[in-house]
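Novice: Everything below, folded, please.
(one chain, ligands or ions: 2)
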Amino acid sequence: MSAHKTALSVNLNKVALVRNTRHLGIPSVLKAATLCLQAGAQGITVHPRPDGRHIRADDVRGLHELLKSWPQVEFNIEGNPFHNLMPFLSETRPHQVTFVPDSEGQATSDHGWDLAADAERVRPLVAQAKALGVRVSLFMDPDPEAMPLARAVGADRIELYTEPYAQAWGTSDQAAVLQRFAAAARAAVAAGLEVNAGHDLNRDNLSDFLRAVPQVREVSIGHALISDALELGYTATVREYLAAIARAHAAPAP
Ligand SMILES: CC(=O)[C@@H](O)[C@H](O)COP(=O)(O)O
Ligand SMILES: NCC(=O)COP(=O)(O)O
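Specialist: Ligands and ions are numbered 1, 2, ... in the order given. As a prediction, the model looks like this:
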């Protein structure tokens, strides 16, 4: 058994994505956060992208207010520090920021930092976030040799980008890919970093990952978790609508 329990941080991007297709405010990001926390999630993650396609500034502010009532819960804001991210840190001082090297308008995150190229420009932004009291995590590919560089720019944690693992899960590549992630996590810890993980983790592939990479302090999960929440909720929801129809038929308007 590992000495710590891995925290689950729920990424709410996809709730906002659906919400943004109309002007009704549903589904509500704040209600989703509340339900996830009531169910035991230990953190909330959002990635306010520059194009505002899902999480927007008002969501970040609203979650910041909401989480004042949940002092044990970690607020994690992800994004590219060279785009729109840093003002959110000054305004809300979340527990953690995850720097992600996405381009503007990128469909979704698909690689970690290349610190051999970017260390000098990332370092002052890491220092700026830490001066605000915000823990800094860097989104990284599972490359053991890059971990000392992540530490050298001042990061507290790294987040292992797990899509390659998710793609390998259940195939003959799974064991080899997991070995790569395990080596990267060991290298991170040896360099003085803590380890997070995320991207395309789901309730099928998660346990195998955490067994192989027990150092993981936190997983942030959005796309699959929100999809599961929809699918696991269809039965009860359809019954509610059928009940509403039945009520109308049982007591029609006079
Ligand atoms: C850093 C990371 O892996 C997540 O932010 C992920 O990219 C989710 O972002 P989207 O919900 O915009 O795909
Ligand atoms: N940092 C990863 C994250 O927040 C969620 O990624 P995904 O589960 O939506 O792929």
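
Novice: residues in contact with residue 191?
Specialist: Residues counted as contacts of residue 191 (Cβ atoms under 8 Å, 6 or more residues apart in numbering) are 147, 148, 150, 151. For every residue, glycine as well, the C-beta is placed using N, CA and C.

Novice: Please report how far it lies from ligand 2.
Specialist: 20 Å (Cβ to the nearest ligand atom, to the nearest Å).

Novice: And residue 98, by the same measure?
Specialist: 6 Å.

Novice: Just to check, that residue is in contact with residue 140?
Specialist: No - at 10.2 Å, residue 98 does not count as touching residue 140 under the criterion of Cβ atoms under 8 Å.

Novice: who touches both of these two?
Specialist: With Cβ under 8 Å, 6+ apart as the test, residue 98 and residue 140 both reach residue 159.

Novice: low-confidence ranges in the stretch 151-254 of the chain?
Specialist: Nowhere does the stretch 151-254 of the chain drop to pLDDT under 70.

Novice: near ligand 2, which residues of it show up?
Specialist: 159, 198, 199, 200, 201, 220, 221, 222, 223, 224 (Cβ under 6 Å from any ligand atom).

Novice: Return the member of these nearest to ligand 1.
Specialist: Nearest to ligand 1 among these: residue 199, at 3.7 Å, using Cβ to the nearest ligand atom.

Novice: Please name the residues that touch the closest one.
Specialist: Residue 199 neighbours (Cβ under 8 Å, 6+ apart): 108, 109, 161, 162, 163, 166.

Novice: In ChimeraX, how would I select the buried members of those?
Specialist: Filtering these down to the buried ones (16 or more other Cβ atoms under 10 Å) takes a single ChimeraX command:
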select :109,161,162,163,166
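
Novice: Read off the pLDDT value for the residue in the stretch 1-150 of the chain positioned nearest to ligand 2.
Specialist: Scanning the stretch 1-150 of the chain for proximity to ligand 2 using Cβ to the nearest ligand atom identifies residue 11 as nearest, at 3.5 Å. Per-residue confidence (pLDDT) for residue 11: 98.

Novice: Got phi/psi on it?
Specialist: When quoted as degrees, to the nearest 10, the phi and psi of residue 11 stand at phi -90, psi 120.

Novice: State the number of residues packed around it.
Specialist: Neighbours of residue 11 under the rule other Cβ atoms under 10 Å: 26.

Novice: tell me the contacts of it?
Specialist: 45, 46, 47, 198, 220, 221, 222, 223, 225, 226.

Novice: Hmm, residue 226 is touching residue 19, no?
Specialist: No - the pair residue 226 / residue 19 is not scored as a contact, 11.6 Å apart, by Cβ under 8 Å.

Novice: sorry, back to before: which members of the contacts of residue 191 additionally contact ligand 1?
Specialist: Counting by Cβ under 6 Å from any ligand atom, no member of the contacts of residue 191 is near ligand 1.
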